[in-house]
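> Make a model of this:
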Amino acid sequence: MQLTRLLVPTFVQTLKSLSTWLDKAAAHQKEQGAQPDALMTLRLAADMYPLAAQVRFVCFQAQEPVYRLRGEDVPQTLRNVREEGWKSNEHPGSFDDARARIADAIAFLSGLAPDAFDAGSESKIALDLPNGIIFDMTGEHYARDWALPQFYFHAVTAYAILRNHGVPLGKPDYIAHMFAYMRPGTLPKG
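This is a model prediction of the structure:
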């Protein structure tokens, strides 16, 4: 399986969508006479991380597989992004911080070779979680069963937080990348 060709475009297109959602959220806040940064502390449920954390986690989850699938340690600078997510309740950061994280993740992924981590599909991955759980799997299983679901969980949660708090987002915002495949003349009228 060519993991680079699967993961990188998937992550990049969703990160670009996330950036667009934040732009829409900022515009919506301004129309309401509110500051965009106020959204960074919002959450779906009291026991969930806020928007600030979701953005950081999406960016972390988009980059972590590159290192794991190449058999490299995740750099401290990237682990710091995850740790900032865990501390988002105290330090939510700003919309500008969030946009910068997303831009950095996109730039990193866009700079990878087309086969940057394909060799890792059969490698053994030991995924050790902060709570002590360790999952042992192949690189392919890690990509399919951990990296993609974790990435999408945090992206969807960010989308849902914004939508739940009045940002006018819809399905076309979530799947904006699909319009590149739309057959001409098939967009419904009205």
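> Read off the pLDDT value for residue 1.
Confidence per residue is given as pLDDT, and for residue 1 that number is 67.
> To clarify, my last question referred to residue 185.
At residue 185, the model reports a pLDDT of 89.
> For it, grab the count of nearby residues.
If you count neighbours by other C-beta atoms under 10 Å, residue 185 ends up with 5. No exception for glycine: its C-beta is placed from N, CA and C like everyone else's.
> Please apply the same query to residue 33.
Here the number of neighbours of residue 33 (other C-beta under 10 Å) works out to 6.
> Please go through the protein and pick out the longest helix.
Determined from DSSP state H, the single longest helix within the chain is helix 3-31.
> Now do that helix: which elements does it pack against?
Counting contacts by 3 or more C-beta pairs under 8 Å, 6 or more residues apart in numbering; DSSP states H and E, the secondary-structure elements packed against helix 3-31 are helix 51-69, helix 95-110, helix 148-164, helix 171-174.
> need the contact list for the residue nearest the centre of the chain.
Against the mean C-alpha coordinate of the chain, by C-alpha atoms, centre = their mean, the closest residue is residue 58 at 2.6 Å. With contacts defined as C-beta atoms under 8 Å, 6 or more residues apart in numbering, residue 58 is in contact with 14, 15, 18, 102, 105, 151, 154, 155, 158.
> Let's see that with 6 Å instead.
Under the criterion of C-beta atoms under 6 Å, 6 or more residues apart in numbering, the contact list for residue 58 reads 154, 155.
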